[in-house]
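[1] Quick one, structure for this:
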Amino acid sequence: MHPAFSSLSKFGVLPDDDDETRLQKLILIITSLSISIAAIIWGLIYIWFGEVQAGLIPLFYAGLSMLSLLVLKISKIFRLYRFSQMVLILLLPFLVIFALGGFINGSGVILWSLLAPVGALLSGQKREARYWFFGFLALVFLSGILQPFMREQNNLPGEVINLFFILNIGTVSFITFLVLNYFVKQKNEVIAIVRKNRELEVSQLQQEVMLRQSEKLATLGRLSAGIAHELNNPATAGLRGAKQLQEIISDMEKYLFRIGQMDLSDRQLEIFKAMRDQIDLRSRDSAQPDPLTLSDLENDLEAWLENKNIDDPWKYSSMLAKSGFNSSDLSDMAKNFSGKSLSDLIAALWTIHLSQNLLDEISQGTGRITEIVKSLKSYSYQDEAPLQSLDIHEGLNNTLIMLRSQLKKGITVQREYDQNLPRIQGYGNELSQVWTNIIDNAITAMNGQGKITIKTFSDKEWVVIRISDTGQGIPEEIQARIFDPFFTTKPPGEGTGLGLNISRNIIVQRHGGKIKVESHPGETCFEIKLPIKNDIPKADQSELLSSENNENI
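    This is a model prediction of the structure:
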């Protein structure tokens, strides 16, 4: 039988048919052949008992069925073959029962018409099966209407009619049971497959969470050295300034105590206060003379101080020059103070000037630390809800602050921000990871020298972020693979190959956005699109000054 099945399995098969389609075609062919064989047996039995007309109908069906199978082999039009078989299977029992004299005299042979919708189900035509079933019901209804007009008796003995009745009901019921059993089995298998797929999805999600956490830790590891450096510099400067300030305050107390013992006149106190105010005012003024002018002024003041026998004139000349004094001012002051009091006065002014500088240095250092900590806190979103209204510019700026130590090496960052960019709903910590991955890759691609351009704008229902760099570019043959997991061009130990894969999942799956890359030698651009939520108010970005555009970091 194997060669026969092998030969039949090629009837009506097309090159692009899958295994399931091939099986459905073979099932219908075997079913129609089986019915044809049964039809020949029925026809011969009917003719044997003198029912020639009833016997010719199944024989005629068998001939047409063989003819349609031959047409299928030649034309390979399976839809035509399937339709012709359904029509023949549906009409054959009805015509036989009509020729034999109704439902009882025909031994309920019309039940075989039920194989038309059953065959449609087996061949995968679920929708068409309903129509064939309605056709079967219509023929049963029509048989009932025509029953009074049919012959009352036929030539079949009563025992044969009863035997055929049992065989017809039993066989059709058995076939129907097999079909139902098949579909129940398929259903159970489908449920098992769905359950297994669900377990695989859960396992995959767990692995993805672990991989994402691993990549996040790797990203934090890369940032930690730079952040530590960024925090260490202002902290060291503040500590050094605090120690120096302790010494200066001690000297200040000493010189101010001496000035207090001088019993200065009101005129002398006014001169001292005026000089002190001028030092305070100039310390807040960032404008200074050019280096050459300042150097000449320092030399002139040092010579004047040395001529007045002031100790360490080089130490005081710089402070006096930066405070805007010249030798003429000091000559006017010297008219109101003696040699010793003049020396103490200048020393006291020097300690005041130096203490202010140290306080400014400490203030700048602590301010820098506060800025870094604030950005780090905003970057991680540790105290915020997972889903929130986001300012894209804030996230980008915080990421740039986190990477500032790497950017200082020779990379220029140009920000071209749309000042009216709307806010979006999203997961801030995850988007920060995306910005970090892309910008960190750009820094690596440029080997510490080049330019990064970050541009934002809105495009209909999207917020668009473009991050481009002037690196060596991504080879065209691997551009299609850069978002694949574990794919990396970095040396072993320097990259996990998960950064861009996780970034794509965050943009596409978590935020319903889009991400693509365009690259050629000298420029690589990542374009990210995030959907705008209409119910989110626009970002209040008045604090983003226009001077930020084209700003270098």
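
[2] Please determine how far Ser32 is located from Tyr61.
    Separation of Ser32 from Tyr61 (C-beta to C-beta, to the nearest Å): 10 Å. No exception for glycine: its C-beta is placed from N, CA and C like everyone else's.

[3] same thing with Leu23?
    Separation of Leu23 from Tyr61 (C-beta to C-beta) stands at 25 Å.

[4] low pLDDT regions in the stretch 151-300 of the chain?
    Applying pLDDT under 70 to the stretch 151-300 of the chain flags the ranges 190, 208-209, 211-230, 233, 283-290.

[5] residue boundaries of the helices in it?
    Remark: helices assigned in the stretch 151-300 of the chain by DSSP state H, counting those that start in this stretch are 158-261, 266-284, 291-307.

[6] Break this protein into its domains for me.
    For the chain, the structural domains run 2-156, 226-372, 394-548, going by automatic domain parsing.

[7] higher neighbour count, Leu23 and Tyr61?
    Taking neighbours as other C-beta atoms under 10 Å, Leu23 and Tyr61 compare with Tyr61 leading, 25 against 15.

[8] quick one: the more buried one from Leu115, how far?
    Using C-beta to C-beta, we find Tyr61 at a distance of 12 Å from Leu115.

[9] Mutual contacts of the two, please.
    Common neighbours of Tyr61 and Leu115, counting by C-beta atoms under 8 Å, 6 or more residues apart in numbering, are Ile35.

[10] Moving C-terminal from the worst-scoring helix or strand of the chain on mean pLDDT, which element do we reach first?
    One helix or strand of the chain scores below all others by mean pLDDT, DSSP states H and E: helix 2-8, with a mean of 58. Scanning forward in sequence from helix 2-8 by DSSP states H and E, the next helix or strand is helix 19-48.

[11] orientation of that next one relative to helix 158-261 in degrees?
    Angle of helix 19-48 versus helix 158-261, following axes from the mean of the first three to the mean of the last three C-alpha atoms, to 10 degrees, is 170 degrees.

[12] Might one say that Ile392 is in contact with Val463?
    Yes. At 6.2 Å, Ile392 counts as touching Val463 under the criterion of C-beta atoms under 8 Å.

[13] So for the two, which residues contact both of them?
    Residues touching both Ile392 and Val463 by C-beta under 8 Å, 6+ apart: Leu421, Ile424, Thr456, Leu530.

[14] State the phi and psi torsions of the first one.
    Summarising the backbone geometry of Leu421 under the convention degrees, to the nearest 10, its torsions are phi -60, psi 130.

[15] pretty sure it is touching Thr456, no?
    Yes. Using C-beta under 8 Å, Leu421 is in contact with Thr456, at 5.3 Å.

[16] who touches both of the two?
    Common neighbours of Leu421 and Thr456, using C-beta under 8 Å, 6+ apart, are Ile392, His393, Val463.

[17] residues near the last one, how many?
    Applying other C-beta under 10 Å, we find 22 other residues in the vicinity of Val463.

[18] so what's Ser107 up against?
    Leu100, Leu156, Ile161, Asn162, Leu163, Phe164, Phe165, Leu167, Asn168.

[19] Distance of the fourth one relative to Asn105?
    Counting by C-beta to C-beta, the gap from Asn162 to Asn105 is 11 Å.

[20] Who has more neighbours out of the two?
    Between Asn162 and Asn105, counted using other C-beta under 10 Å, Asn105 has the larger neighbour count: 21 against 12.

[21] my read: the more buried one touches Leu156, true?
    Yes. Contact between Asn105 and Leu156 holds when scored by C-beta under 8 Å: they sit 7.4 Å apart.

[22] So which residues of the stretch 301-450 of the chain form helices?
    Using DSSP H, counting those that start in this stretch, helices in the stretch 301-450 of the chain cover 313-322, 327-334, 339-380, 392-402, 404-407, 428-445.

[23] Which one, of those, ends up nearest to Val109?
    Closest approach to Val109 among the helices of the stretch 301-450 of the chain is made by helix 428-445 (68.6 Å; C-beta to C-beta).

[24] Give me the buried stretch members for that closest one, please.
    Neighbour counts over helix 428-445 (16 or more other C-beta atoms under 10 Å) mark 428-445 as buried.

[25] what's near enough to touch the closest residue to Met66 other than its chain neighbours?
    The spatially closest residue to Met66, leaving aside those adjacent along the chain, is Ser36, at 6.8 Å (C-beta to C-beta, 6 or more residues apart in numbering). Contact partners of Ser36, counting by C-beta under 8 Å, 6+ apart, are Tyr61, Ala62, Ser65, Met66.

[26] could you dump these to TSV with distance to Gln246 and pLDDT?
    Below are the contacts of Ser36 laid out as TSV (distance: C-beta to C-beta, whole Å; pLDDT from 0 to 100):
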residue	distance to Gln246	pLDDT
Tyr61	113	86
Ala62	114	88
Ser65	110	86
Met66	112	87
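
[27] Can you say which of the residues you listed are buried?
    With burial judged by 16+ other C-beta under 10 Å, the buried subset of the contacts of Ser36 is Tyr61, Ala62, Ser65.

[28] So the first one is in contact with Ala39, correct?
    Yes. The criterion here is C-beta under 8 Å, and Tyr61 meets it with Ala39 at 5.0 Å.

[29] Pull up the overlap in contacts between the two.
    Jointly contacting Tyr61 and Ala39 under the rule C-beta under 8 Å, 6+ apart are Leu92.

[30] Let's see which of the buried ones among the contacts of Ser36 end up in helices.
    Tyr61, Ala62, Ser65 (DSSP state H).

[31] Quick check: the second one vs Ile97, distance?
    Using C-beta to C-beta, we find Ala62 at a distance of 18 Å from Ile97.

[32] ok, now the last one?
    Distance of Ser65 to Ile97, computed by C-beta to C-beta: 19 Å.

[33] coming back round to it: what do Ser32 and Tyr61 both touch?
    Both Ser32 and Tyr61 are in contact with Leu88, where contact means C-beta under 8 Å, 6+ apart.

[34] Let me have the domains of the chain in TSV, extended by distance to Leu178.
    Formatted as TSV, the domains of the chain follow (distance: least, C-beta to C-beta, whole Å):
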stretch	distance to Leu178
domain 2-156	9
domain 226-372	71
domain 394-548	44
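
[35] Just tell me which of those ends up closest to Gln206.
    Proximity to Gln206 (C-beta to C-beta) singles out domain 394-548 among the domains of the chain, at 14.2 Å.

[36] Go ahead and confirm Phe526 touches Ser519.
    No. Contact criterion C-beta under 8 Å: Phe526 and Ser519 do not qualify, at 9.0 Å.

[37] The two: which is more packed in?
    Neighbour totals were compared for Phe526 and Ser519, and Phe526 leads with 24 against 21 (other C-beta under 10 Å).

[38] show me what contacts Asp527?
    Not Asp; residue 527 is Glu. Shown in contact with Glu527 (C-beta under 8 Å, 6+ apart): Val464, Ile465, Arg466, Lys514, Ile515, Lys516, Val517, Glu518.

[39] my read is the first one is in a helix, agree?
    In this case it means Val464. No. Counting by DSSP: H, G, I helix; E, B strand; the rest coil, Val464 is not found in a helix; it is strand.

[40] Am I right that Ile362 is in contact with Gly238?
    Yes. Counting by C-beta under 8 Å, Ile362 touches Gly238, with 4.8 Å between them.

[41] tell me, what's touching those two both at once?
    Here Ile362 and Gly238 share no contacting residue, scored by C-beta under 8 Å, 6+ apart.

[42] Look at Gly63 and report its pLDDT.
    Note on Gly63: pLDDT of 90.

[43] Please tell me how far it sits from Gly43.
    Distance, Gly63 to Gly43, by C-beta to C-beta: 10 Å.
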